[in-house]
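**Student:** okay, predicted coordinates and the sequence, questions at the end:
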Amino acid sequence: MRSSNAVKREEYLEEPPKKSKPKVQKVPKSQKAQKAQKSQINAIKFGIGTLDQTTYLVVCILVLCGLVMVFSASYVDTARSAIHNYNPFYYLQRHAGMAVLGFIGMNIMANFNYRHLKKMAIILYFASLVLMMAVVFYGITRGGASRWIMLPIINIQFQPSEIAKVGVILILARILAVNPKMLDKWGGFLFCLGLVGSLTILVAYGDLSSAIILAIIGGGMIFMSSPHILRFVVMVAAAIAGMFGYLYYMANHAGFDAAGQWRGERFLAWQNPFDDPLGYGFQVIQSLFAIASGGWFGLGIGQSRQKFMLPEAHNDVIFAIIIEELGVIGAGIILILFVVLIWRGLQIAMNATDSFGSLMAVGIVLMIGSQVIINLAVVTNSIPNTGITMPFISYGGTSLIVVMGCIGILLNISRHSKIE
């Protein structure tokens, strides 16, 4: 028999039993935590939280240039006008107020997720149709164009065609993003043309210039999304031929009481403004004189002589005053700023994370770029006078607020764009 000491010695030498570790159950992450983690990954990958600073800076510079030039081009007329209470700052004060509203709108839209606009596209499009019908029946006519309606209560003139431009951009971006192969068939192609055409016809009733911009925006967005180029060659050729045929008829065959006779007069002024230097050719001639007297370096800010003669110098033909006061070099710098803005807009479109954002960016670039080119062509009498404003620079409250709001959308798209 073993002794008790030997038994105790064996128990002592035996290894103690291993303690089993308690199993730790993995707690699944909540949906909120998963979304937070995903947003952090997206922020690193797509640069959310950063906007295109070049675009922001260029727009601020252009708006400031517009404020200076609106005052320079208008203070002479308003200082001697009883209608404006002999106030030389009349247009500057109004334009500055609209610029502040535009700046606020731009910053709001820059922080508003552009993807939510997809839900608002149909509403805005049909609202644009209603507003344009209101212009047809209740529009205010000035200078031969019916572009404005009076907003009740606040008693402010409002230009619905600017809203219509945004409506076309949003509706096409939504439809073409949801149905990317829609334009492969004639049915989808004609449907998109119908959306653009119905609104364009309503706008053209009283404002041919804005209708041209709408057609360029809609046609350009469809062209970017469609693989069939030949359709656009035929469509654009037919549109240009039809427009010039209409203007030729109004200029040479329509009676003086015919609606749209003033459009024919602008066509005649484009052909030869010196045939009627005190009538329909007066504005074109004074604009050309302003450009010719500017030279390379201009006469200096506030030193324009043609603003005493040029009708609406602070509005559609303000770029003629810019060339006269700042010269070809100063005007060239402003055009370079527009080129930079368009370039950045195209970069944002190409780097957008979805087709909806890309198409919206393309539409905004088409809107701004076409207005700049047409305004410059009108000022130099390269095309008939259309009444298109120079974005950010010409006087015009609705136009300035809407275009700055569109820049805010562009900036928001840039916040969700891929980092190069």
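**Tutor:** Looks like it arrived, so ask away.

**Student:** which residue, other than its chain neighbours, is closest to Leu326?
**Tutor:** Ranked by CB to CB, 6 or more residues apart in numbering and with sequence neighbours excluded, the top spatial neighbour of Leu326 is Gly298, at 4.4 Å. All C-beta spots, glycine's among them, are computed from the backbone N, C-alpha and C.

**Student:** what's the distance between the one you found and Val76?
**Tutor:** Distance of Gly298 to Val76, computed by CB to CB, to the nearest Å: 17 Å.

**Student:** could you do Met120 as well?
**Tutor:** Applying CB to CB to Met120 and Val76 gives a distance of 43 Å.

**Student:** so Thr386, which of the three states?
**Tutor:** coil (DSSP: H, G, I helix; E, B strand; the rest coil).

**Student:** what segments of the stretch 251-400 of the chain are helices?
**Tutor:** Residue ranges of the helices in the stretch 251-400 of the chain, as given by DSSP state H, counting those that start in this stretch, are 261-271, 282-294, 318-350, 355-379, 397-415.

**Student:** need the contact list for the residue nearest to Leu326.
**Tutor:** Neighbour list for Gly298: Ile323, Glu324, Glu325, Leu326, Gly327, Ile329, Gly330 [criterion: CB atoms under 8 Å, 6 or more residues apart in numbering].

**Student:** which residues sit in contact with the last one?
**Tutor:** Read that as Gly330. Contacts for Gly330 (CB under 8 Å, 6+ apart) come out as Phe297, Gly298, Ile322, Ile323.

**Student:** greatest separation within those: which pair is it?
**Tutor:** The widest separation within the contacts of Gly330, taken as CB to CB, falls between Phe297 and Ile322 and amounts to 12.8 Å.

**Student:** how many neighbours does Ile163 have?
**Tutor:** Ile163 is surrounded by 18 other residues when neighbours are defined as other CB atoms under 10 Å.

**Student:** and the angle from the helix or strand harbouring it to helix 397-415?
**Tutor:** Under DSSP states H and E, the secondary-structure element containing Ile163 is helix 160-178. For helix 160-178 and helix 397-415, the angle between their directions (axes from the mean of the first three to the mean of the last three CA atoms, to 10 degrees) works out to 20 degrees.

**Student:** average pLDDT across the helix or strand following helix 160-178?
**Tutor:** Sequence order places helix 186-204 as the next helix or strand after helix 160-178, per DSSP H and E. Along helix 186-204, the predicted confidence averages to a pLDDT of 86.

**Student:** now the next helix or strand after helix 186-204, how far from the centre of its chain.
**Tutor:** Past helix 186-204, further along toward the C-terminus, the next helix or strand under DSSP H and E is helix 208-225. If you compare the mean C-alpha spot of helix 208-225 with that of the full chain, they lie 12 Å apart, counting by CA atoms, centre = their mean, to the nearest Å.

**Student:** show me what the helix holding Ile163 is packed up against.
**Tutor:** With contacts defined as 3 or more CB pairs under 8 Å, 6 or more residues apart in numbering; DSSP states H and E, helix 160-178 has these neighbours: helix 117-138, helix 186-204, helix 208-225, helix 355-379, helix 397-415.

**Student:** right, and Ala73 touches Ser304 too?
**Tutor:** Yes: with contact defined as CB atoms under 8 Å, Ala73 reaches Ser304; the gap is 7.0 Å.

**Student:** give me the common contacts of the two.
**Tutor:** With CB under 8 Å, 6+ apart as the test, Ala73 and Ser304 both reach Ala313, Ile321.

**Student:** export the contacts of Gly298 as TSV, with columns for distance to Arg344.
**Tutor:** Written out in TSV, the entries for those read as follows (distance: CB to CB, whole Å):
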residue	distance to Arg344
Ile323	25
Glu324	29
Glu325	27
Leu326	23
Gly327	26
Ile329	23
Gly330	22
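
**Student:** my guess is Ile169 meets Leu214, correct?
**Tutor:** No: counting by CB under 8 Å, Ile169 does not reach Leu214; the two are 9.8 Å apart.

**Student:** so Ile149 lies in a strand, does it not?
**Tutor:** Yes: under three-state DSSP, Ile149 falls within a strand.

**Student:** how many residues are close by it?
**Tutor:** By the criterion of other CB under 10 Å, Ile149 has 18 neighbours.

**Student:** please name the bridge partners of it.
**Tutor:** The bridge-partner assignment for Ile149, based on DSSP bridges, gives Phe158.

**Student:** where along the stretch 1-150 of the chain do the strands fall?
**Tutor:** Using DSSP state E, counting those that start in this stretch, the strands of the stretch 1-150 of the chain run over 140-142, 145-151.

**Student:** poorly predicted segments of the stretch 151-300 of the chain, please.
**Tutor:** Per-residue confidence of the stretch 151-300 of the chain (counting by pLDDT under 70) places the weak regions at 152-155, 247-265.
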